[in-house]
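K.L.:
my questions are about this predicted structure, shown below with the sequence.
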Number of protein chains: 2
Amino acid sequence: MTAAQQPPDLADIEQAAKRISEYVHRTPVLTSRRLDELSAAQLFFKCENLQKVGAFKARGASNAVLSLSATEAASGVATHSSGNHGAALAMAAQRRGIPAHIVMPSNAPAVKKAAVASYGAVIVEVEPTLAAREGTLAELLKETGAHLVHPYNDARVISGQGTTALELLEQVANLDVVVVPVGGGGLLAGVATAVKCLDPGIEVVAVEPAGADDAFRSFGLGELVPQTRPNTIADGLLTSLGELNFAIIQQRVDTILTVPDEQIVQAMRLQWTRMKTLVEPSGAVSFAGVLEHPERFRNRRVGIVVSGGNLDLDALPW
Amino acid sequence: MTAAQQPPDLADIEQAAKRISEYVHRTPVLTSRRLDELSAAQLFFKCENLQKVGAFKARGASNAVLSLSATEAASGVATHSSGNHGAALAMAAQRRGIPAHIVMPSNAPAVKKAAVASYGAVIVEVEPTLAAREGTLAELLKETGAHLVHPYNDARVISGQGTTALELLEQVANLDVVVVPVGGGGLLAGVATAVKCLDPGIEVVAVEPAGADDAFRSFGLGELVPQTRPNTIADGLLTSLGELNFAIIQQRVDTILTVPDEQIVQAMRLQWTRMKTLVEPSGAVSFAGVLEHPERFRNRRVGIVVSGGNLDLDALPW
């Protein structure tokens, strides 16, 4: 399921921004004096939890769907996903008026299945193993001729996610550092590319849950180490880094920090109570990095990418 | 505790907007395709839950504090409040560098007391009766010479709250109707004044919990009926309408609708899950009005004022 592709450049991301502008929200940047005081820094929260489908994934999926020629698009798109990428791809396909096939594990939360179904996608349920997911998807691609859109290891998806940073840098001047959560690395690779092309003086810091720290370890070792048995509340960041993503991250990212789950829950609750926005655990990882490593951010202007806000209101971690 | 004052006009509200611009956020307007589909209308949510101190109250309190001369301000400000107005007044006083005295009932939630204290205000705790609150406040005003800022029955406060609508009408063109929750009537009076002065063709609809419907009854009878024994989850809307507020509402508001608590909880949960923003029960009353009375809003462009987002995360109504 890898895609041998070239890393995108700034022009790709700028094109993506034009392409998807009708499909996604230009999300607001929120600030909070209280959180500034708490961290002794100036924080600018780029709220992708307020994005369509509740996560930045709407950007990459929309760019991929809109990059297809009419002929390619006619057979539809497909992916396997237990989470936000499936809903995002379904949304973008519905907007373009083409079919979407989403392979989902049978244990995916009902609320996630409902979200995908509500965008008119065909859901194919499989056993919750990677082998079952990939095997079923491969068959489905052969049968339907649908076009595969990988959730992160795809240059079109990376370009789409990078538009988050284009907006952030337009919305806030003179940032010193941009902080981004990392799972598969689509968001991080896209944001790092946009930021470093626009202003190489801005630091790009990735944050990863300590219980799923393959990006941290891969970055340190200089070689891709897969994630085995992740254990973290940040359920959107369990996956291993993609190959294309890793290549970009090695080139563009300044450092990767890790955070314990307790700090993720603390960050999440502070964002709920102080900024009044719903942030899912994975979305709170970037702010958790600022809370966990305050010395790195003190007195600086910090852009914080809040990646998503989808979670089960009946199972909150407090 | 009444204030014999003149109803503000558009110029007062425009002055307030200039005066408070450094003290408050220009809050975003959020949209949701899914909520549009659900209501068969185009909804524009003016998110005062993302305002400083988590509620529109920051606007009115800031305008009142900044309207004081240096001499008046020197002795500080005072009010009695169990909720957001106390925190808002404390915040504005701290910003101006003057004392704030907040009389609070002893049964006020710890989180509300903590919010007021965090802005450096002096808290005076009293028995939770209106007599004790008003009596203690009267003594305190005499002793300290502090300036009273009533939470809603005050033209400066009304002008401040009205700035919400100035922004909304700048942010969204061609609205057909603006929907506002009503408790004491400060927000409603301010918004109605701004809307009707800027464009008399825009309908102004107030929404009130069925369990605290004194504004609904007063509006129908044409005379002020106090609220006795309110019973609703919308704890910010328990109070009776102010006199000044009622006079303005009679002149400027087109209609008042009521909603049952079940619809308020439903609206709140939809805003949490679909828009990813924390809305308190009182803040969800305006959207609840749209859900409860869909025929009034179908196919129209509807501005919905979301008044606040302060609530106890450990006591959610589901």
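P.N.:
Arrived safely. Numbers count the residues shown, from 1 in each chain, chains lettered A, B, ... in the order given.
K.L.:
which elements pack onto the helix-or-strand element of chain A with minimal mean pLDDT?
P.N.:
Here the helix or strand of chain A ranked lowest by mean pLDDT, DSSP states H and E is helix A:110-118, holding a mean of 87. Helices and strands touching helix A:110-118, by 3 or more Cβ pairs under 8 Å, 6 or more residues apart in numbering or on different chains; DSSP states H and E, are helix A:84-96, strand A:100-105, strand A:122-126. Yep, even glycine has a C-beta here, placed from its N, CA and C like the rest.
K.L.:
and the angle for the last one with helix A:110-118?
P.N.:
Our comparison of strand A:122-126 with helix A:110-118, counting by axes from the mean of the first three to the mean of the last three Cα atoms, to 10 degrees, yields an angle of 140 degrees.
K.L.:
can you map out the strands along the stretch 101-250 of chain A?
P.N.:
According to DSSP state E, counting those that start in this stretch, the stretch 101-250 of chain A carries its strands in the segments A:122-126, A:147-148, A:177-181, A:203-209.
K.L.:
residue B:140 is nearest to which of these?
P.N.:
For residue B:140, the closest of these is strand A:177-181, at 45.6 Å, according to Cβ to Cβ.
K.L.:
export that closest one as CSV, just CAs?
P.N.:
Written as CSV, here are the backbone C-alpha positions of strand A:177-181 (Å, rounded to 0.1, in the frame of the first residue of the first chain):
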residue,chain,number,x,y,z
VAL,A,177,7.8,27.8,16.3
VAL,A,178,5.0,25.6,15.0
VAL,A,179,4.0,22.5,17.0
VAL,A,180,2.4,19.5,15.3
PRO,A,181,1.2,16.0,16.5
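K.L.:
what's around residue A:14, how many residues?
P.N.:
17 (other Cβ atoms under 10 Å in any protein chain shown).
K.L.:
wait, doesn't it sit right on residue A:169?
P.N.:
No. Residue A:14 is not in contact with residue A:169 according to Cβ atoms under 8 Å; the separation is 11.9 Å.
K.L.:
can you check the pLDDT for the nearest residue to residue A:146 once chain neighbours are set aside?
P.N.:
Nearest residue to residue A:146, sequence neighbours excluded (Cβ to Cβ, 6 or more residues apart in numbering or on different chains): residue A:78, at 4.0 Å. We have a pLDDT of 97 for residue A:78.
K.L.:
how about residue A:311?
P.N.:
Looking at residue A:311, its pLDDT is 90.
K.L.:
just checking, it is part of a helix?
P.N.:
No. Assessed with DSSP: H, G, I helix; E, B strand; the rest coil, residue A:311 is coil; it does not lie in a helix.
K.L.:
phi, psi of residue A:303?
P.N.:
Dihedral pair for residue A:303: phi -90, psi 130, per degrees, to the nearest 10.
K.L.:
what's around the nearest residue in space to it that is not next to it in sequence, how many residues?
P.N.:
Leaving aside its chain neighbours, residue A:303 sits nearest to residue A:178 (4.2 Å; criterion: Cβ to Cβ, 6+ apart). By other Cβ under 10 Å, 30 other residues sit near residue A:178.
K.L.:
wait, what's in contact with residue A:178?
P.N.:
A:165, A:168, A:191, A:195, A:202-205, A:302-305 (Cβ atoms under 8 Å, 6 or more residues apart in numbering or on different chains).
K.L.:
by neighbours, which of the residues you listed wins?
P.N.:
Among the contacts of residue A:178, the one with the most neighbours (other Cβ under 10 Å) is residue A:191, at 32 neighbours.
K.L.:
spatially nearest residue to that residue (excluding sequence neighbours)?
P.N.:
On the basis of Cβ to Cβ, 6+ apart, the spatially nearest residue to residue A:191 that is not a chain neighbour turns out to be residue A:165, at 4.2 Å.
K.L.:
neighbouring contacts of the least confident helix or strand of chain A?
P.N.:
Counting by Cβ under 8 Å, 6+ apart, helix A:110-118 makes contact with A:53, A:82-83, A:86-87, A:90, A:102, A:104, A:123, A:310, A:312, B:34, all of which sit outside it.
K.L.:
and the residues you listed, which are buried?
P.N.:
Using 16 or more other Cβ atoms under 10 Å in any protein chain shown as the burial test, the contacts of helix A:110-118 include A:53, A:82-83, A:86-87, A:90, A:102, A:104, A:123, A:310, B:34 as buried.
K.L.:
among the residues you listed, which pair sits farthest apart?
P.N.:
Using Cβ to Cβ, the two most remote members of these are A:82 and B:34, lying 21.0 Å apart.
K.L.:
can you list the domains in chain A?
P.N.:
Domains of chain A are assigned by automatic domain parsing as A:10-55+A:158-306, A:58-148.
K.L.:
please identify the most buried of these.
P.N.:
Ranked by mean neighbour count under mean count of other Cβ atoms under 10 Å in any protein chain shown, the domains of chain A are led by domain A:10-55+A:158-306, which reaches a mean of 22.
K.L.:
kindly provide the distance from the residue most central in space within chain A to chain B.
P.N.:
What sits nearest the mean C-alpha location of chain A, by Cα atoms, centre = their mean, is residue A:187, with 4.5 Å. From residue A:187 across to chain B, the span is 17 Å (Cβ to the nearest Cβ, to the nearest Å).
K.L.:
likewise residue A:98?
P.N.:
According to Cβ to the nearest Cβ, residue A:98 and chain B sit 18 Å apart.
K.L.:
excluding chain neighbours, what is closest to the closest residue to chain B within the stretch 1-150 of chain A?
P.N.:
At 4.2 Å from chain B, residue A:28 is the closest residue in the stretch 1-150 of chain A, using Cβ to the nearest Cβ. Nearest residue to residue A:28 in three dimensions, chain neighbours excluded: residue B:28, at 4.2 Å (Cβ to Cβ, 6+ apart).
K.L.:
just the pLDDT at that neighbour, thanks.
P.N.:
On the pLDDT scale, residue B:28 is placed at 94.
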